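**Q** Provided below for reference: sequence and predicted model.
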Amino acid sequence: MRETTSQMRRIINRIIPFKIKYFLSIILYKYFKLRIKGKEPHVKGFEETVNYIINNGVSVSRFGDGEFQWIFQNRSERNFEKNSPILSEELLKSLKVNDKRLMICIPDIFNGLDQYNIEAREYWGLFLGLYGRSWISILNKNKQYYDTQFTRPYMDYNNKENAKKKFELLKKIWEKRDILIVEGEKSRFGVADDLLDNAGKINRILAPSENAFEKYDEIYQSILDYVNLKDNVLVLVSLGPTATILAANLIKYGVQTIDIGHLDIEYNWYLMGSTTKQAVEGKYVNEVVTKGYKVNEITDDLSKKNYELQIIERIEGKDECN
């Protein structure tokens with residue numbers, strides 16, 4: 001079944017023209033809605049999600065399309081994290097955590113798609129038609145979820161005029177807080193832009209850009225070693241599904257950890273005024289095939305110096321160690 005659905009999705013994307021795919025997505029979404037009637041999960045929107053983080057200091061585990069695919073092990077093998085039974089099990093355990101210190105986020109897509117642009121509506125319509133019922137089977141319709149798209153407040157939305165207001169609200173999460181950023185080798189979250197300018201001291205642990213989950217234990221221990229020496233540190237993790245699991249597991253130590261995802265890339269697209277996903281100079285963008293993988297060195301001397309001073313540890317991937 002996993003291979004069949006993956007093949008079907010690849011065929012749809014490669015062969016069928018967009019207009020036909022969009023029409024098909026509308027039909028599939030309506031059919032999906034009929035099949036899940038009365039089972040729709042409750043998802044708070046962007047503003048309520050961000051304000052809850054600010055006001056309550058909670059950790060955040062985010063489940064987007066990728067995380068659900070990894071749970072069911074039908075994520076494309078040509079992605080930045082390999083499918084594995086252990087990854088699937090750990091993600092499912094994280095999704096089921098019931099702790100007031102942890103916010104569980106899923107996409108706000110179950111009660112309409114009008115807020116999204118046509119490309120996003122086409123994507124979610126087809127995606128839910130193929131996978132949506134399996135998602136519903138592992139979600140709790142009585143649980144309050146929050147919006148995983150809070151880290152993607154710009155590109156997929158029809159209304160981009162309120163993007164500035166959204167980013168200003170997001171910046172309040174780390175205002176005057178010391179931050180530990182845990183990210184892929186070339187992610188460079190907040191480098192050469194002003195996203196983190198209102199934060200306190202910034203340090204970084206660099207992990208593998210691909211298959212970071214294979215080094216999970218080492219990353220986990222490195223975070224604990226750091227926060228045990230500091231007070232009130234906010235941990236921001238940009239490591240795909242590894243970030244989702246870290247946030248859920250670190251709450252037992254009282255560490256506020258936010259799976260921050262692609263927020264910095266979204267912010268750069270906003271600054272660029274871009275309406276399509278594109279490469280960002282000096283940063284790894286896994287959603288832009290080929291060009292997004294080719295990462296140049298940081299060109300601004302001050303940004304480069306500050307970034308290098310912030311790095312306290314590098315955790316190499318298995319391939320890099322050979």
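**A** Yes, it's here. These numbers come from a predicted model, not from an experiment.

**Q** from the middle of its chain, how far away would the helix or strand where L250 lies be?
**A** Following DSSP states H and E, one finds L250 within helix 241-250. With C-alpha atoms, centre = their mean, to the nearest Å as the basis, helix 241-250 stands 11 Å off its chain's centre.

**Q** Against which helices or strands is it packed?
**A** On a contact count with 3 or more C-beta pairs under 8 Å, 6 or more residues apart in numbering; DSSP states H and E, helix 241-250 meets strand 59-62, helix 65-71, helix 85-95, helix 216-227, strand 234-238, strand 257-259. Glycine gets a C-beta too; all of them are placed from N, C-alpha and C.

**Q** rank those by pLDDT, which is bottom?
**A** Lowest mean pLDDT of those: helix 65-71, a mean of 93.

**Q** And the contacts of that one?
**A** Helix 65-71 is contacted by residues 75, 79, 81, 83, 87-88, 91-92, 95, 107, 127, 131, 134-135, 138, 240-241, 244 when judged by C-beta atoms under 8 Å, 6 or more residues apart in numbering.

**Q** Now the helix holding L250 - C-alpha only, CSV.
**A** C-alpha atoms of helix 241-250 as CSV (Å, rounded to 0.1, in the frame of the first residue of the first chain):
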residue,chain,number,x,y,z
PRO,A,241,10.8,14.9,12.3
THR,A,242,13.7,14.8,14.7
ALA,A,243,12.6,18.2,16.0
THR,A,244,9.0,16.9,16.6
ILE,A,245,10.3,14.1,18.7
LEU,A,246,12.9,16.2,20.6
ALA,A,247,10.2,18.7,21.7
ALA,A,248,8.0,15.9,23.1
ASN,A,249,10.8,14.2,25.0
LEU,A,250,12.5,17.2,26.5
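
**Q** If you count neighbours, what's buried in stretch 257-277?
**A** Within stretch 257-277, the residues that count as buried by 16 or more other C-beta atoms under 10 Å are 257-270, 277.

**Q** what's the first-to-last distance across that stretch?
**A** End-to-end distance for stretch 257-277, by C-alpha to C-alpha, to the nearest Å: 27 Å.

**Q** how distant is that stretch from the center of its chain?
**A** How far stretch 257-277 lies from its chain's middle: 11 Å, per C-alpha atoms, centre = their mean.

**Q** Next: stretch 150-162.
**A** Put simply, stretch 150-162 sits 15 Å off its chain's centre (C-alpha atoms, centre = their mean).

**Q** And stretch 298-314, by the same measure?
**A** The chain centre lies 23 Å from the centre of stretch 298-314; the measure is C-alpha atoms, centre = their mean.
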